[in-house]
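Undergrad: Give me a 3D structure for the following:
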Amino acid sequence: MSSTRVSRRVNAPRANVYRALLDARAVATWMVPNGMTSRVHAFDAREGGSFRISLTYDAPTGTGKTSAHSDTYHGRFVKLVTNERVIEVVEFETNDPALRGEMTITIALADADGGTDVHAVHDGLPRGLPAADNEAGWKSSLAKLAALVEAG
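TA: Sure thing, here's the model as predicted:
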């Protein structure tokens, strides 16, 4: 099991960034790597609340984790600290044993020069998920988060 760590400066207040972490429509917009679209099936943004999301590849790749063209995952919110931290546990819905297992995602927010530093740590990556691919996906997603909240 491995981890990835990605950071991004966002030119928006922490409260705006935090809201985007817990809003289903916002999550569908930003928490999806380039080349994919997102569908939020369920999203209960509270400690102990659960969610289920599917990501579909825009072009057929045959590399999906749940089906040939999609990655579906479910999870729960473990800890929410208003305007500071979101901790969630997620797991792919897959038949591939190399992609099974719970992963922990921690997103921490800190004030930075009139904006917010966003630090995302993804722990417990299953052996079948290359850390470099996960890091690239997170960088893409955080760029989308920045664009969303900076646009207001």
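Undergrad: Quick check: which ranges of this protein have low pLDDT?
TA: By pLDDT under 70, the weakly predicted segments of the chain are 1, 61-62.
Undergrad: any chance you could map the helices in it?
TA: Here the chain has its helices, by DSSP state H, at 14-21, 24-30, 131-150.
Undergrad: what about the ones you listed, which gets the closest to residue 3?
TA: helix 131-150 (7.3 Å; C-beta to C-beta). (Each C-beta comes from the backbone N, C-alpha and C, glycine too.)
Undergrad: From residue 98, how far off is the residue most central in space within the chain?
TA: Nearest to the mean C-alpha position of the chain, by C-alpha atoms, centre = their mean, lies residue 31 at 4.8 Å. Noted for residue 31: a distance of 23 Å to residue 98, by C-beta to C-beta, to the nearest Å.
Undergrad: on that earlier part again, and the helices of the chain, which is most packed in?
TA: helix 14-21 (a mean of 19; mean count of other C-beta atoms under 10 Å).
Undergrad: which helices and strands does it pack with?
TA: helix 24-30, strand 103-112, strand 115-125, helix 131-150 (3 or more C-beta pairs under 8 Å, 6 or more residues apart in numbering; DSSP states H and E).
Undergrad: ok now the last one, how far from the chain's centre?
TA: Its chain's C-alpha centre and that of helix 131-150 lie 8 Å apart, by C-alpha atoms, centre = their mean, to the nearest Å.
Undergrad: for stretch 143-152, same thing?
TA: Offset of stretch 143-152 from its chain centre (C-alpha atoms, centre = their mean): 14 Å.
Undergrad: what does it contact?
TA: Stretch 143-152 has contacts (C-beta atoms under 8 Å, 6 or more residues apart in numbering) with 8-12, 16-17, 20, 26, 29-32, 118.
Undergrad: Check stretch 105-118 too.
TA: Stretch 105-118 has contacts (C-beta under 8 Å, 6+ apart) with 7-14, 16-18, 21, 83-90, 119-123, 142, 145-146.
Undergrad: What are the buried residues along that stretch?
TA: Going by neighbour count (16 or more other C-beta atoms under 10 Å), the buried part of stretch 105-118 is 105, 106, 107, 109, 115, 116, 117, 118.
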